[in-house]
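Colleague: need a 3D model of the sequence below.
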Amino acid sequence: SNLIALVLVQAERTESEGRLRSILENDPECVAIVSPNGHVLEMNPAGLAMIEAQDLASIRGRAVADLAHPDDRSILVDLHNHAVEGGSGHAQFRLVGLKGTMRWLEMNATPLRRPDGSVEAVLSVTRDVTKRRRAEEALAESQQRNRMILETMGEGVHGLDAEGRILFHNPAALAMLGWSEEETRGKDAHALIHHHRADGSVFPREECSIHRSLQDGVTRQVDDEVFFRKDGSSFPVDYVCAPMKRTDGSIAGAVVTFRDISERRKTERLRSAEATIFDLISAGAALPEVLERIALMKEEALSGARVAVFLVDEATGRLRLGAAPSLAAYAKAVEGVRIDTTIGPCGGAVADAREVIATDLEADPSWRDFLGLARAHHVRACWSIPALDVEGRPMAVFAAHFDRPRAPTEEERRIIERAARLVSLAIQRLRGLDALRKSEATFRETFRDAATGIAVAAPDGRILEVNEAFARIYGYDSVEAVMREGNLLHHVP
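Modeller: Numbering: from 1, shown residues only. Next up, the predicted model:
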């Protein structure tokens with residue numbers, strides 16, 4: 001009976017081993033048994049195919065670490081040694097097949113123990129994760145590219161979830177808004193930066209284009225609203241809100257791209273103001289009105305500036321006030337100053353017909369006699385540029401005054417140069433109109449008082465105008481009588 005029992009046990013063990021071998025041979029993952037010193041003992045067909053081995057005999061006894069990429073060999077050795085010491089673990093590494101194919105593998109290793117608990121070998125189960133790894137790397141590269149794009153964009157960008165909470169801001173957005181990323185993440189964007197309109201009235205969420213896009217999934221572009229900074233100030237923005245949709249069409253959130261259009265708005269206002277000034281000049285408006293409009297326009301363009309325009313009085317060789325809307329008392333005190341290179345930037349600009357930039361009047365010797373006046377009116381810097389006529393002679397001087405030492409930027413130089421050209425255009429246009437009016441008056445006097453009869457006729461012979469001598473010569477009592485007759489010129493007796 002004992003013999004029969006032994007035979008039955010052996011048969012059961014053989015059957016169990018057969019089932020196990022069948023499972024291993026059909027497992028799609030690499031299953032290997034490695035000796036404590038790191039040599040291959042057993043490997044299933046999937047593993048042999050993975051390492052490009054023809055059969056088990058060709059790799060049995062070979063160090064498994066030799067199959068790893070040289071840069072990753074230590075990873076595999078450390079994992080194996082950990083299992084030999086009784087631990088379990090996993091790791092990813094690159095394997096180079098016997099035919100040179102490189103794959104990314106993920107291995108789980110665990111010790112195989114003897115009945116006494118000692119480690120007899122290491123069992124490893126390895127799967128090919130090349131496709132997954134490449135997908136992860138591609139995703140990481142894409143994310144890095146997107147991150148670089150966001151970080152280098154001049155426009156502000158922030159992402160919102162479906163509820164309008166902030167997910168991220170790029171550096172440009174944070175710089176414009178004055179917040180840190182930690183301060184904004186998870187906050188309600190509308191309540192944080194979009195809560196009021198440009199006129200100061202409360203901006204209801206349901207009327208906000210960003211909120212509407214999060215509701216209906218429609219991309220919207222807006223250029224007449226403002227965003228608010230951390231310090232409470234606001235700036236005009238041009239923004240596009242593009243909803244993000246899931247595969248099922250539901251809205252996951254939105255990306256808002258925005259620009260600070262303060263400079264654009266400023267430019268638009270300046271162009272509109274210049275157009276108004278050109279209209280005034282064309283209409284022959286009074287010079288003081290035109291000069292004051294120019295001064296006010298340039299004060300808006302030059303931050304912190306107070307502008308004065310002085311006219312050149314050629315008869316006296318002195319400066320005469322043209323306009324100083326924000327610096328009247330000071331300009332009145334300066335009016336009448338002699339035109340001289342040694343007397344202030346304005347006098348020097350006219351005397352030499354060139355731009356004179358006094359960045360700090362306290363250090364400018366030409367202001368030594370006017371420092372008390374300058375201090376009393378908080379004038380510390382002055383940029384002066386002459387307005388020249390067509391022959392290059394100064395007719396006036398445009399002067400921008402500041403309450404602190406300051407040098408102009410290149411853009412500010414262009415602004416004062418354009419201002420000088422506008423002043424020049426206004427003066428020359430109005431001088432031309434004055435000359436034309438005087439010429440017309442002289443012509444009228446000559447036409448009226450001439451002893452010779454003079455008539456002005458249209459191309460078809462109709463009399464348009466005659467003088468008194470013409471009326472007398474042709475026997476009319478008056479000029480009006482000739483005009484009432486309305487005869488053609490060749491019918492006049």
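Colleague: so what's residue 61 up against?
Modeller: The contact partners of residue 61, taken as C-beta atoms under 8 Å, 6 or more residues apart in numbering, are 39-40. All C-beta atoms are positioned from the backbone trio N, CA, C, and that covers glycine.
Colleague: which SS class is it?
Modeller: Look at residue 61: counting by DSSP: H, G, I helix; E, B strand; the rest coil, its state is coil.
Colleague: which helix in the protein runs the most residues?
Modeller: As assigned by DSSP state H, the longest helix anywhere in the chain is helix 410-449.
Colleague: could you point out which element follows it?
Modeller: Moving toward the C-terminus from helix 410-449, the next helix or strand (DSSP states H and E) is strand 455-457.
Colleague: pull up the pairing partners for the following helix or strand past that following strand, direction included.
Modeller: Going down the chain from strand 455-457, the next helix or strand is strand 463-466, by DSSP H and E. Applying DSSP bridges, strand 463-466 is found paired with strand 455-457 (antiparallel).
Colleague: and the strand it pairs with, what's its mean pLDDT?
Modeller: Confidence over strand 455-457 (mean pLDDT, whole number) is 78.
Colleague: check which residues of that strand are buried.
Modeller: By 16 or more other C-beta atoms under 10 Å, the buried positions in strand 455-457 come out as residue 455.
Colleague: hmm, residue 399 is touching residue 379, no?
Modeller: No. Contact between residue 399 and residue 379 fails when scored by C-beta atoms under 8 Å: they sit 9.8 Å apart.
Colleague: comparing those two, which residue is more hemmed in?
Modeller: Shown here are residue 399 and residue 379; by other C-beta atoms under 10 Å, residue 399 has more neighbours (30 against 24).
Colleague: tell me the secondary structure for the more buried one?
Modeller: Following three-state DSSP, residue 399 is assigned to strand.
Colleague: any idea how far it lies from residue 317?
Modeller: Per C-beta to C-beta, to the nearest Å, residue 399 is found 18 Å from residue 317.
Colleague: strands of the stretch 101-250 of the chain, residue ranges please.
Modeller: 102-113, 119-128, 156-161, 166-169, 220-228, 234-245 (DSSP state E, counting those that start in this stretch).
Colleague: got the contact list for the fifth one?
Modeller: When you say that, I think you mean strand 220-228. When contacts are defined by C-beta under 8 Å, 6+ apart, strand 220-228 is touched by residues 176-177, 192-198, 203, 209-210, 212-213, 234-241, 258, 261.
Colleague: average pLDDT for that strand?
Modeller: Mean per-residue pLDDT for strand 220-228: 95.
Colleague: how far off centre is that strand?
Modeller: Here strand 220-228 is found 14 Å from its chain centre; the criterion is C-alpha atoms, centre = their mean, to the nearest Å.
Colleague: mind listing the strands it pairs with, and their directions?
Modeller: Under the rule (DSSP bridges), strand 220-228 has strand 234-245 (antiparallel) as partners.
Colleague: swap in the fourth one?
Modeller: Here strand 166-169 has these sheet partners by DSSP bridges: strand 156-161 (antiparallel).
Colleague: any idea of the mean pLDDT for the strand it pairs with?
Modeller: Strand 156-161 shows a mean pLDDT of 91.
Colleague: likewise stretch 167-181?
Modeller: Mean predicted confidence for stretch 167-181 is 91.
Colleague: hmm, who's touching that stretch?
Modeller: 150-151, 153-161, 184-185, 192-193, 227-231, 235, 253, 258, 260.
Colleague: which of those residues are buried, as a PyMOL select command?
Modeller: With 16+ other C-beta under 10 Å as the burial test, the buried ones among these are selected in PyMOL as follows:
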select buried, resi 150+155+156+157+158+159+160+161+184+192+193+227+228+235+253+258+260
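Colleague: what residue ranges in the protein score low on pLDDT?
Modeller: 1-26, 143, 149-150, 152, 435, 481-482, 484-493 (pLDDT under 70).
Colleague: recalculate using a threshold of 80.
Modeller: 1-27, 139-154, 341-344, 430-448, 456-464, 471, 474-493 (pLDDT under 80).
Colleague: coming back round to it: so for residue 434, which of the strands of the stretch 101-250 of the chain sits nearest?
Modeller: Ranking the strands of the stretch 101-250 of the chain by proximity to residue 434 (C-beta to C-beta) places strand 234-245 first, at 42.3 Å.
Colleague: which residues touch that closest one?
Modeller: Strand 234-245 has contacts (C-beta under 8 Å, 6+ apart) with 159, 176, 196, 198, 209-210, 213-214, 217-229, 251-262, 264-265.
Colleague: now those residues: which count as buried?
Modeller: Listed as buried from the contacts of strand 234-245 are 159, 176, 209-210, 213-214, 220, 225-228, 251, 253-261; burial here means 16+ other C-beta under 10 Å.
Colleague: measure residue 326 to residue 271 for me?
Modeller: 22 Å.
Colleague: swap in residue 188?
Modeller: With distances taken as C-beta to C-beta, residue 188 is found 37 Å from residue 271.
Colleague: residue 299 now?
Modeller: 16 Å.
Colleague: which of the two has more neighbours?
Modeller: Per other C-beta under 10 Å, whichever of residue 299 and residue 271 has more neighbours is residue 299, with 18 against 10.
Colleague: helix/strand/coil for the more buried one?
Modeller: Three-state call for residue 299 (three-state DSSP): helix.
Colleague: hang on, it packs against residue 307?
Modeller: Yes. If you go by C-beta under 8 Å, residue 299 and residue 307 touch, sitting 5.2 Å apart.
Colleague: what sits in contact with each of the two?
Modeller: Shared contacts of residue 299 and residue 307, counting by C-beta under 8 Å, 6+ apart, come down to 325-326.
Colleague: apart from its neighbours in sequence, what residue is nearest residue 405?
Modeller: With C-beta to C-beta, 6 or more residues apart in numbering as the criterion, residue 405 has its nearest non-adjacent residue at 4.0 Å, and that residue is residue 360.
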